[in-house]
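# give me a 3D structure for the following:
(chains A and B)
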Amino acid sequence: MLTKIHHVGVVVHNADEAMKFYRDALGLKVTADRVIEDQGVRGVLLEIGGSEIELLEPTREDTGVAKFLATRGEGMHHICFESDDVDAELDGARAKGIELIDQKPRLGLAGMICFLHPKSNHGVLVEFATPVKDGHGH
Amino acid sequence: MAIGATHIDHIVISSNNSGAVAQTFADNLGIEIKRKMIRPGTSAQLAFAKLQEVVLEFAGPPQVNPDEEVKAKLWGMVLAVEDIDAAVADLRSKGYTVGDPTKAVQPGAKIATVKGGTSGVPFAMIQYNALPIEGASA
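Next comes the predicted model:
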């Protein structure tokens, strides 16, 4: 069962520049900031209430995030729903015939994560996440 | 000083058919669409779901073309703040262009839009209980 909005992903050219607004001006606390090598992105999570804003800066040109930035520019990229059991969510989506990007959950900035294909939701990229106990998949 | 943001109040998903997109989210993700309405003034068709403190707002045009492919995208977000006048003054003091707070669609609420500097995200702040609710007894 999806319990809440875990985060919204925002693709940016430069996370340091973006943090001038989200961290410095809004006063949001950074809870994670690291490069995810296999995805070719630097991800920064900023806490806001029970959810987070995730800034995504591409570190390579051959990634989906880099292509999004090149074609659409900066802006909202995906929405992540938190679940107690990301495996069950993925199995449930598969059973409904929903097209998937990830066939099984993998470790991401938000914990164990998986993405549904945006075609399944009229173009909106949806992520499921189950946070891991030591926080943010570290 | 921070702006006193308490949580993400709502995330807007824009489309050419808000009813269809909301129904897809309901079917695929199991979220409940709690309310539908026509926005006063623009006649935009809106549908709403809520997960804990965050509202998903599905927004679309008044008229739907049934022959058109349904397309949606994550559009913008609104943060709830404790004192919108103070939040607006704070962001302006930091060099951001922020519109004057105006009466929001939500009863008793005031909303202000940040114009630029948000990494491509249409961005606003909302304060509930900022105005007397019309029709309510004192």
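# all contacts plus neighbour counts: C-alpha atoms, from now on.
Fine.
# who in chain B is up against chain A?
B:1-8, B:21, B:24-25, B:28-31, B:51-54, B:70-76, B:91, B:94, B:117-121 (C-alpha under 8 Å from any C-alpha of the partner chain).
# and the helices in chain A?
Per DSSP state H, chain A carries helices over the ranges A:15-19, A:64-72, A:86-95.
# make JSON lines out of the ones you listed and add distance to B:Ser43.
Formatted as JSON lines, those follow (distance: least, C-alpha to C-alpha, whole Å):
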{"stretch": "helix A:15-19", "distance to B:Ser43": "34"}
{"stretch": "helix A:64-72", "distance to B:Ser43": "28"}
{"stretch": "helix A:86-95", "distance to B:Ser43": "34"}
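# can you list these in JSON lines and add mean neighbour count?
Shown next, in JSON lines, are the helices of chain A (neighbours: other C-alpha atoms under 10 Å in any protein chain shown):
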{"stretch": "helix A:15-19", "mean neighbour count": "18"}
{"stretch": "helix A:64-72", "mean neighbour count": "16"}
{"stretch": "helix A:86-95", "mean neighbour count": "17"}
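# ok, the nearest residue to A:Gly75 once chain neighbours are set aside - contacts?
Residue nearest to A:Gly75 in three dimensions, not counting chain neighbours: B:Gly120, with 4.4 Å by C-alpha to C-alpha, 6 or more residues apart in numbering or on different chains. Taking C-alpha atoms under 8 Å, 6 or more residues apart in numbering or on different chains, we find B:Gly120 in contact with A:Gly73, A:Glu74, A:Gly75, A:Met76.
# tell me the pLDDT of B:Gly120.
At B:Gly120, the model reports a pLDDT of 97.
# surely A:Ala15 and A:Leu46 touch.
No: using C-alpha atoms under 8 Å, A:Ala15 is not in contact with A:Leu46, being 11.5 Å away.
# one step back: nearest to A:Leu55 among the helices of chain A would be which one?
helix A:15-19 (6.4 Å; C-alpha to C-alpha).
# touching chain B at all, the closest one?
Yes: counting by C-alpha under 8 Å from any C-alpha, chain B is contacted by helix A:15-19 at A:Ala18.
# contact partners of that helix?
Residues contacting helix A:15-19 (C-alpha under 8 Å, 6+ apart): A:Val12, A:Arg42, A:Val44, A:Leu55, A:Leu56, A:Glu57, B:Thr118, B:Ser119.
# right, and the third one touches A:Leu28 too?
Going back to what we said before, that points to A:Val44. No: A:Val44 is beyond contact range of A:Leu28, at 11.4 Å (criterion: C-alpha under 8 Å).
# among the contacts of B:Gly120, which ones are buried?
A:Glu74, A:Gly75, A:Met76 (16 or more other C-alpha atoms under 10 Å in any protein chain shown).
# quick check: bridge partners of the second one?
Put plainly, it is A:Gly75. A:Val11 (DSSP bridges).
# surely it and A:Val11 touch.
Yes: in this structure, A:Gly75 is within contact of A:Val11 by C-alpha under 8 Å, at 5.5 Å.
# shared neighbours of the two, anything?
Residues touching both A:Gly75 and A:Val11 by C-alpha under 8 Å, 6+ apart: B:Ser119.
# any chance you could map the strands in chain B?
B:5-15, B:33-38, B:45-51, B:54-60, B:72-81, B:102-103, B:110-114, B:123-127 (DSSP state E).
# who does the longest helix along chain B touch, helix- and strand-wise?
Criterion DSSP H: the longest helix present in chain B is helix B:18-29. Contact here means 3 or more C-alpha pairs under 8 Å, 6 or more residues apart in numbering or on different chains; DSSP states H and E; on that basis helix B:18-29 packs against strand B:33-38, strand B:45-51, strand B:54-60.
# for chain B, what are the nearby residues on chain A?
Residues of chain A lying near chain B by C-alpha under 8 Å from any C-alpha: A:1-5, A:10-12, A:18, A:21-22, A:24-28, A:48-51, A:73-79, A:93, A:96, A:98, A:121-124.
# ramachandran angles for the residue nearest to A:Gly75?
phi 80, psi 10 (degrees, to the nearest 10).
# what strands flank the worst-scoring helix or strand of chain A on mean pLDDT, and is each parallel or antiparallel?
Using mean pLDDT, DSSP states H and E, strand A:106-108 stands out as the lowest-scoring helix or strand of chain A, at a mean of 91. Applying DSSP bridges, strand A:106-108 is found paired with strand A:111-116 (antiparallel).
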